[in-house]
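J.: Based on what follows, work out the 3D shape:
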Amino acid sequence: MNTQYTTTDQSPATKPISFLLNDLSKSPPKVDEWQMKVRPEELSMSKTARVMVHQTLGGAWVDNFGEGLPGIKIAGHTGWRGTSVDGKEDHGLRRIQDLHKTFYQEWFSKRADIARSGGNVEDIQLVFSDLLDGISWLCAPQSFVLKRGVANPLLYYYEINLAFLSQAPVKVLDKPQSPAADKGFLATVFASMDAALKKIKAFVDKIKNVADKVLAPLKNGVGALMAVAYRLNTLVRETLETVNGAISHVTQSLMDIASGLAFAVHHAVSSVLAITEFPGQIKAELMGVGSAFLNLACIFNNALKPQQQLPDLSDLYGASLCSSTAGGRPVSIYQDSNTFEQILLLDSGSVSMTDAARQALNGLVSRDATVPQPQAQLDQAAKAITDGLRF
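T.: Numbering: from 1, shown residues only. Alright, predicted model coming up:
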């Protein structure tokens, strides 16, 4: 019997990428949204470091002030033809004009208008919302580049660079923050997980109880890894049902480990199938188990992935020259300290892994899927993971 697994809708209508220009000086607040009907071709995030290297005749040293603030680069085009909107033709030229107006021009002009009137310029906020990748940033535009070329003369290409300011005001986005908001969706996800776990349990029991020489290569190494992965994924399934699908630092930590373990088993199964000859029935069952683990990993990474929540870093913004005496920000309370180490504290969950187990897990997950590993290496990695995992 074939088991059908569910996938989440990744279409632009369900997972939009958009800019929102919020004017909090209005009552009620005014929100202008520009949604990217044609998704960007490139989205890259850069993370900077507050490091200064000093090289002298006698040697060199490094001033390390911790991590810096990240930035995002978006590049793509606005398409060519479109449908009629508000009685006007919607096409690539109009879209690039609206994007430049919403993202760039109005952010500067509205903040300048409020400053001239004596208001708070922080009431004008630019939000980059990417529900596909789980990013929601309050940001500032750094550059807007318009490109055209002879290769595609009808397309208007853009390149946008954003500087991270703080966590976006999620209430303005009006998007669900957790899958728990949709109980019908949760029921579908749990049913898919149950089907995968049932298939895995049947094969794990078969390896454990049946004295068959054909299954000998799986008994100790990969089979033991399957059993541990099954137990952990079952624990995560029960935990999610207990909390009604709410995603917190505890459940997210459990899902991250379970997802990595599921990917590792899937890769190990692929290697075993490539280097060992199995009868047709066993091979089909083993392929089904590998697919079941892959389905669990995809559920944790996609279906149950909440919108990314970024910490509030407003206390980091210290005074610039003379701004502390002219109505600007005060000196940062984290002055002369490694700020990010103090505010980004990691919560410990109920599952722990040794360094050796984590190294073996990363090795299995990141290996080249087209190059199977020898059985001895698979067994060694599986043993390191099972011995070093505690839950």
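
J.: use CA for all of it now, contacts and neighbours both
T.: Fine.

J.: care to break the chain down by domain?
T.: 17-173, 179-307+347-390, 314-343 (automatic domain parsing).

J.: Please render those domains as JSON lines that adds mean pLDDT, mean neighbour count and distance to residue 10 to the earlier fields.
T.: Below are those laid out as JSON lines (pLDDT from 0 to 100; neighbours: other CA atoms under 10 Å; distance: least, CA to CA, whole Å):
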{"stretch": "domain 17-173", "mean pLDDT": "83", "mean neighbour count": "15", "distance to residue 10": "7"}
{"stretch": "domain 179-307+347-390", "mean pLDDT": "75", "mean neighbour count": "18", "distance to residue 10": "9"}
{"stretch": "domain 314-343", "mean pLDDT": "57", "mean neighbour count": "13", "distance to residue 10": "32"}
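
J.: any chance of these in CSV, plus distance to residue 11?
T.: Below are the domains of the chain laid out as CSV (distance: least, CA to CA, whole Å):
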stretch, distance to residue 11
domain 17-173, 9
domain 179-307+347-390, 13
domain 314-343, 34
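
J.: which residues sit against stretch 263-277?
T.: Contact partners of stretch 263-277, identified using CA atoms under 8 Å, 6 or more residues apart in numbering, comprise 222, 225-226, 229, 283, 286-287, 290-291, 293-294, 297, 361-362, 364-365, 369, 371-375, 378.

J.: hey, where'd the strands end up in the stretch 201-350 of the chain?
T.: Secondary structure of the stretch 201-350 of the chain (DSSP state E, counting those that start in this stretch): no strands located.

J.: can you give me the helices in it?
T.: Secondary structure of the stretch 201-350 of the chain (DSSP state H, counting those that start in this stretch): helices located at 216-219, 222-242, 249-275, 280-298, 339-343.

J.: Show me how far the lengthiest strand in the chain is from its chain's centre.
T.: Scanning the chain for the strand with the most residues, using DSSP state E, yields strand 135-147. Offset of strand 135-147 from its chain centre (CA atoms, centre = their mean, to the nearest Å): 19 Å.

J.: got it, and stretch 38-46?
T.: So, by CA atoms, centre = their mean, the centroid of stretch 38-46 is 14 Å from its chain's centroid.

J.: start to end distance for that stretch?
T.: 23 Å (CA to CA, to the nearest Å).

J.: For that stretch, give me every contacting residue.
T.: Contacts of stretch 38-46 (CA under 8 Å, 6+ apart): 12, 17, 70-79.

J.: Out of these, which two sit at the greatest distance?
T.: 70 and 79 (28.5 Å; CA to CA).

J.: Select, out of the helices of the stretch 201-350 of the chain, the one closest to residue 101.
T.: helix 339-343 (34.6 Å).

J.: quick one, what contacts the closest residue to residue 288 other than its chain neighbours?
T.: Once flanking residues are discounted, residue 288 sits nearest to residue 199: 7.7 Å by CA to CA, 6 or more residues apart in numbering. Residues in contact with residue 199 (CA under 8 Å, 6+ apart) are 288-289, 292.

J.: give me phi/psi at residue 15?
T.: phi -120, psi 70 (degrees, to the nearest 10).

J.: Likewise for residue 377?
T.: According to degrees, to the nearest 10, residue 377 has phi -70, psi -40.

J.: do you know how far it is from residue 360?
T.: 10 Å.

J.: picking up where we left off before, figure out which of the helices of the stretch 201-350 of the chain is closest to residue 193.
T.: When the helices of the stretch 201-350 of the chain are ranked by proximity to residue 193 (CA to CA), helix 280-298 comes first, at 6.4 Å.

J.: element containing the residue nearest to residue 288?
T.: helix 183-209 (DSSP states H and E).

J.: and the angle for that helix with helix 280-298?
T.: Comparing the axes of helix 183-209 and helix 280-298 via axes from the mean of the first three to the mean of the last three CA atoms, to 10 degrees yields an angle of 140 degrees.

J.: that older thread, identify whichever of the helices of the stretch 201-350 of the chain lies nearest to residue 166.
T.: Short answer: helix 339-343, nearest of the helices of the stretch 201-350 of the chain by CA to CA, at 13.5 Å.

J.: Any chance you could list what contacts the host helix or strand of residue 165?
T.: Assessed by DSSP H and E, residue 165 sits inside strand 157-167. Applying CA under 8 Å, 6+ apart, the set of residues contacting strand 157-167 from outside is 69-78, 96, 136-148, 309-314.

J.: Convert the C-alpha atoms of it to PDB, please.
T.: What follows is strand 157-167, C-alpha atoms only, in PDB (Å, rounded to 0.1, in the frame of the first residue of the first chain):
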ATOM      1  CA  TYR A 157      16.500  44.200 -13.000                       C
ATOM      2  CA  TYR A 158      17.100  45.500  -9.500                       C
ATOM      3  CA  GLU A 159      19.700  44.900  -6.800                       C
ATOM      4  CA  ILE A 160      18.700  45.900  -3.200                       C
ATOM      5  CA  ASN A 161      20.900  46.000  -0.100                       C
ATOM      6  CA  LEU A 162      19.200  46.200   3.300                       C
ATOM      7  CA  ALA A 163      20.700  46.900   6.700                       C
ATOM      8  CA  PHE A 164      19.200  45.100   9.700                       C
ATOM      9  CA  LEU A 165      17.900  47.500  12.400                       C
ATOM     10  CA  SER A 166      15.800  45.300  14.800                       C
ATOM     11  CA  GLN A 167      13.000  42.800  14.900                       C
END
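
J.: Okay, now the sheet partners of it, with direction.
T.: Paired with strand 157-167 in the same sheet, following DSSP bridges, are strand 71-77 (antiparallel), strand 135-147 (antiparallel).

J.: gap between it and the chain center?
T.: 17 Å.

J.: Touching, residue 378 and residue 224? I think so.
T.: No. Counting by CA atoms under 8 Å, residue 224 is not a contact partner of residue 378; they are 11.4 Å apart.
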